[in-house]
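**Student:** Build the 3D model from these lines:
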Amino acid sequence: MPYRHVHEILLECDRDRLFRALTEIRRWPEWDEELAAAIHDGSSLTPGSRFTLTPKGGKPVALTVEACEPPRLFADLARLPLARMTSRHELESVAEGRTRLRHVIETSGPLAWLWDRLVARKIAAGLETQARAMAAFARTLPL
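**Tutor:** Reported below is the predicted structural model:
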């Protein structure tokens, strides 16, 4: 049984800038206070490409790009012991300079319940703060 967390927020930021912030993976620690490091070789973000995130106080986690459809969708997958955790970031322009950001975090597999409790719930609880920080960072980026 998959476990799912959904969060939506309306942000005062252009969708193209938000998408750029979201896909400049090496810069995530600049706006995500939970991350100690983010490693990506700068290659294209095509499905199957990989990157690594290191949470503060944690071990590096390898992720795979599941989807990258500029400027509306970025999704990644973490393969965990006996589980998979997918994070989808959907961006929709709703007005000039305003974007609706929808996060969907889904954990599946035999130990999904465990990874939901250990990881996904913590991520879900911080999504609003994280989205606002990403928008503040994105507003500093040139188009």
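**Student:** Residues touching the strand ranked longest in the chain, excluding its own?
**Tutor:** Longest strand in the chain, counting residues (DSSP state E): strand 83-95. Around strand 83-95, the neighbours that count as contacts under C-beta atoms under 8 Å, 6 or more residues apart in numbering are 10, 14-15, 18-19, 22, 66-67, 71-78, 99-112, 114-115, 119-120, 123. Just so you know, the C-beta spots here come from the backbone N, C-alpha and C atoms, and that holds for glycine as well.
**Student:** With stretch 132-143 instead?
**Tutor:** The contact list for stretch 132-143 (C-beta under 8 Å, 6+ apart) reads 9, 11-14, 16-18, 20-22, 27, 30-33, 101.
**Student:** try 6 Å this time
**Tutor:** Residues outside stretch 132-143 that contact it (C-beta atoms under 6 Å, 6 or more residues apart in numbering): 11, 13, 16-18, 20-21, 30-31.
**Student:** Pull out the buried positions in that stretch.
**Tutor:** For stretch 132-143, the neighbour count (16 or more other C-beta atoms under 10 Å) marks 132-135, 137-138 as buried.
**Student:** returning to that earlier point: can you list the strands that the longest strand of the chain pairs with?
**Tutor:** Strand 83-95 has the following strand partners under DSSP bridges: strand 73-80 (antiparallel), strand 98-108 (antiparallel).
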